[in-house]
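>>> Next one to model:
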Amino acid sequence: MLFNSLHFALFFLVVMAVFYVLPPRVRVWWILVASLFFYCFESRENPISEQSIYLFTAIGVSYVTGLIMGLVPSEGRFKILRVILLLEGLIADFGMLFYFKYTKFFIELINPSIVQRGGTPISTDFNLLMPIGISFFIFTSTGYLIDVYKRKIEPEKNPFYYALFTCFFPCIMSGPIERADHLIPQLKKLHEVKVINVDRMSNGIVLILWGLFAKMVIADRIAMIVDNVYGHYYNFGSVEIIFASICYSIQIYCDFMSYSTIAMGCSKMMGIDVFDNFDAPYLSQSVQEFWRRWHISLSSWLRDYVYIPLGGSRCSKIRKYLNVMITFLVSGIWHGAGINFIIWGGIHGALQVIDGVTSPLRKKINELTHAKTDSFGYKFGRGAVTFILVDLAWVFFRVTDFNLAVELIKRMFYKPDLWLLFNGGLYTLGLDQKEFNILFMAVLALIVMDIAKKKSQKPVGDIMLDQPWWFRWIVIIALFFAVLTFGIYGPAFDASGFIYLQF
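Residues are numbered from 1 along each chain as shown. As a prediction, the model looks like this:
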C-alpha cells in the first residue's frame, strides 16, 4: 500500500475519520489495528502475508526480552544475565535480518572457497521473500533493547504500546527509525489530541502534499532520464552520463525524502511528531555535514549504537578513523547485500577520514592565503565539491555491478560533448521539452524550499506555520493541483514504489 497510491489515500481517510469520532481513550488501539492492517495487508495478492509473522516475532522477542532485562539488577552477578538477555535479543533480531537479506550474498561469497577445496557449491536457487521494512523495524527494536540495557529508558510494560511503537504505520516501511523515549510517550497521550486544530491539520496537509510533489512530480519524472541513460549508457557521452548521475542524486533524495515527509504529515495529523529525516543535505559544506542532514534517523542510530560503543572520537586518531570506517561499512551493508553497497559505504567513510586528516592542512592554507571562509564564493565552492563527491559515490549505490560503475565514471570523461547543453540534446534523454521544463521548475521549487529549510532550521510544515493563513492555504492548493496536474500517472507508467522500500 504505497503512500502515492489511491488505496493509501482511502485507507488514511478512513483511519483519520474513525480516529476523530472514537472516544479519546480508544484512539491508540484504533491506530494499532490500523497499523497491523496496513502491514498485514500490504499486498492485495498476498493478504495477511507470511511476512507479518516475522514482524510479530520481532515485536514479541524484543518486548519480552526488554521486560525481563528491566527486572534484572545491573550490579553483581546479575550483570552477566543482562548481557546474555541483550545478546539473545540482538541475535534473534539480527539473525532474522541476516537470514532474509544476506543469505544468498554470504553463500555466493563462500562458494568459490568451497569449489577450490573440491566441494560442491551451495545452491542459491531459492527465493526468500524479504519482509518489507525489515531493516527499519529491526533497527527500531534493537535500539530499544540497547537503551533498556543501558538503563536509558524503562522497559515498556504494556505490550500494545510497544507493538504500536514498532509497527506504527507511517514509519514501518521506510522509517524514520524512531526511538522509544520519543514515540511511546506521545502514543500514551493520544487521548489528549484535540479534534479541531487548524494549525496541526494544515501542517500535516502541507507535509503530505510536499512529499507527494517531491515523489510524483520530481522523483518519478526524473527517473525516466536515469533509467534510460544508465540502461543504455553505451549510447551516451560524458554530458549525458554526468547529467543522469546528477539526476539520480535528485531522484533518490526526492524519493526517500518524500516518504519521510509524508510519514511526518500523516503522524502530525494524528498529533504525533516523528523525526525529520532530511535537512537540506545537498546544501552541506562537507561529507560529514551531509551525513548530519541525510537519513538523520539512520545516521544518528549508527552514531549511538555503533560508532560511540566502538569508542567514538574519544580515542587515538587512528582508532577514531577506524571507527568511522566500520560505521560506514555497516551503513553500506545495512542498505543491501552487495559489494556495491559496501563500496558505497566505504567511499563515504574514506571521504570522512580524508576530511579529518587534511583538516589541519586546509586550515593552514586558508590562513596563508587569507581565504574568506565566510564568503558566498568559498561556501559555494565547498558545497559544489561536496555534491560532486556524493554524486560520484551514488553511482556505486545505483549500479550493482562494480565494473559497470567504474565504466560509467570513466565515461564521464570519455566524450565531452558540451554542445548537448545548448542544442536540445538533453530533451532526447527520456523527457521531451515540455516535461523537462516541468521538471526544471519543480527542482527549482525544491531548491528554494531547501534553502528556506536550512536558513530557518525548521521542517517544511513549520515554515508554513510561520506564514499568514492565506499564504499557507495558497501553497496547499498550489501543491494539490501541481500533484494532480503534473504528477506521473497512467497505466503505461509503472507507479514505482519508493526506492528505500527494498532496504
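>>> list the contacts for the nearest residue to Gly332 once chain neighbours are set aside?
Distances taken as CB to CB, 6 or more residues apart in numbering put Gly345 closest to Gly332, at 2.2 Å, once the chain neighbours are dropped. Placement of C-beta: from N, CA and C, glycine included. With contact set as CB atoms under 8 Å, 6 or more residues apart in numbering, Gly345 has these partners: 328-333, 335.
>>> most neighbours, which of these?
Among the contacts of Gly345, Phe328 has the most neighbours (other CB atoms under 10 Å), with 27 neighbours.
>>> does the residue nearest to Gly332 sit in a helix, a strand or a coil?
Under DSSP: H, G, I helix; E, B strand; the rest coil, Gly345 falls in the helix class.
>>> What distance do you get for it to Val226?
21 Å (CB to CB, to the nearest Å).
>>> So Met344 versus Thr386, what's the distance?
Residue 344: Trp, not Met. 16 Å.
>>> Would you mind confirming that Phe213 makes contact with Phe481?
No: assessed by CB atoms under 8 Å, Phe213 is found out of contact with Phe481, at 10.5 Å.
>>> how far away is the residue sitting nearest the centre point of the chain from Gly346?
Geometric centre of the chain, nearest residue: His295, 4.8 Å, by CA atoms, centre = their mean. As judged by CB to CB, His295 and Gly346 stand 17 Å apart.
>>> now Phe8
Distance from Phe8 to Gly346, by CB to CB: 36 Å.
>>> for the record, mean pLDDT for the longest helix along the chain?
The longest helix of the chain (DSSP state H) is helix 79-116. The average pLDDT within helix 79-116 is 86.
>>> For the most far-flung residue of the chain relative to its centre, which residues are in contact?
What lies farthest from the middle of the chain is Gly118; by CA atoms, centre = their mean that is 43.0 Å. The contact partners of Gly118, by CB under 8 Å, 6+ apart, come to none.
>>> Run through the protein and note the low-pLDDT ranges.
42-50, 489-503 (pLDDT under 70).
>>> now for the longest helix of the chain, which elements pack on it?
helix 51-71, helix 134-149 (3 or more CB pairs under 8 Å, 6 or more residues apart in numbering; DSSP states H and E).
>>> Tell me which residues of the first one come out buried.
For helix 51-71, the neighbour count (16 or more other CB atoms under 10 Å) marks 51-52, 54-55, 58-59, 61-70 as buried.
>>> Between those residues, which sits nearest Ile122?
Tyr54 (23.0 Å; CB to CB).
>>> show me what contacts the closest one?
96, 100, 131, 134.
>>> Now render these as a markdown table, adding neighbour count and distance to Phe38.
Formatted as a markdown table, the contacts of Tyr54 follow (neighbours: other CB atoms under 10 Å; distance: CB to CB, whole Å):
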| residue | neighbour count | distance to Phe38 |
| --- | --- | --- |
| Met96 | 18 | 20 |
| Phe100 | 19 | 20 |
| Pro131 | 24 | 14 |
| Ile134 | 21 | 15 |
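>>> which two in those are spaced the farthest apart?
By the measure CB to CB, Met96 and Pro131 form the most distant pair in those, at 8.5 Å.
>>> Determine the three-state secondary structure at His370.
The local conformation at His370, judged by three-state DSSP, is coil.
>>> Can you give me the domain assignment for the protein?
The chain breaks down into these domains under automatic domain parsing: 6-195, 197-278+401-503, 285-399.
>>> returning to that earlier point: which one of Phe213 and Phe481 has more residues nearby?
Phe213 (25 against 11).
>>> what's the burial count for Asp466?
Neighbours of Asp466 (other CB under 10 Å): 11.
>>> how about it, what does it touch?
456, 458.
>>> thinking again about what came up before, make TSV out of the contacts of Tyr54 and add distance to Ser316.
Shown next, in TSV, are these (distance: CB to CB, whole Å):
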residue	distance to Ser316
Met96	36
Phe100	38
Pro131	41
Ile134	36
